[in-house]
Every structure is written in structure tokens, then in C-alpha cells.
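Chemist: Sequence first, then the predicted structure:
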Amino acid sequence: MTALRELIRDTEGAVKAYGDYKTVPTNMQSNVRNDMYVTSETLRILAKTSRATSPGRHRRARQLQEEG
């Protein structure tokens, strides 16, 4: 979870630094887009597996998704 949190913060920082995704330099957009995809898929899988294992984990995955 720590690595995921860092990825979310790094991605958020990259976008915030330029004000909007559209203004992120072209050479960085691919990296940011990939990081957003990895984050999204990780949260989706966490939520899916957490439902099967623990309601508390599911809430935490949803909370992380809302923060990002």
C-alpha cells in the first residue's frame, strides 16, 4: 500500500505542477498516463480481492481511490 500511495502522490504532483493534464509536456504525458492506468488497475484489483477477503480492506481501497 505504501508504494501505491507514493505512486498516487507522484502522479498527483506531476499533474499539479502543470495545473492540468493537458498542460503536462508531451514527453511526460505517456509516463503520467501509464501511472494513472497502473493506479486505477491496482485499486480495481484491490477492491475486487478485498471484497472477497475483508470488508475493512475494501473500505480502505475505496478510500485510497477517492483520495487519488
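Modeler: Received, thanks.

Chemist: per-residue confidence averaged over the strand or helix carrying Gln29?
Modeler: Assessed by DSSP states H and E, Gln29 sits inside helix 26-53. The pLDDT scores in helix 26-53 average 86.

Chemist: That one packs against which elements?
Modeler: Here helix 26-53 touches helix 2-18, helix 55-67, going by 3 or more Cβ pairs under 8 Å, 6 or more residues apart in numbering; DSSP states H and E. In short, each C-beta sits where N, CA and C put it, glycine included.

Chemist: Compare the mean pLDDT across the ones you listed and name the weakest.
Modeler: Mean pLDDT is lowest for helix 55-67 out of the helices and strands packed on helix 26-53, coming in at a mean of 71.

Chemist: Dihedrals phi and psi, Val24?
Modeler: According to degrees, to the nearest 10, the main-chain angles of Val24 amount to phi -70, psi 130.

Chemist: Hmm, Ala14 and it touching each other?
Modeler: Yes - using Cβ atoms under 8 Å, Val24 makes contact with Ala14 at a distance of 6.6 Å.

Chemist: Show me whatever sits in contact with both of the two.
Modeler: Val32 (Cβ atoms under 8 Å, 6 or more residues apart in numbering).

Chemist: need the helices and strands packed on helix 26-53 in a markdown table with mean neighbour count, can you?
Modeler: A markdown table is the format used below for the helices and strands packed on helix 26-53 (neighbours: other Cβ atoms under 10 Å):
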| stretch | mean neighbour count |
| --- | --- |
| helix 2-18 | 13 |
| helix 55-67 | 14 |
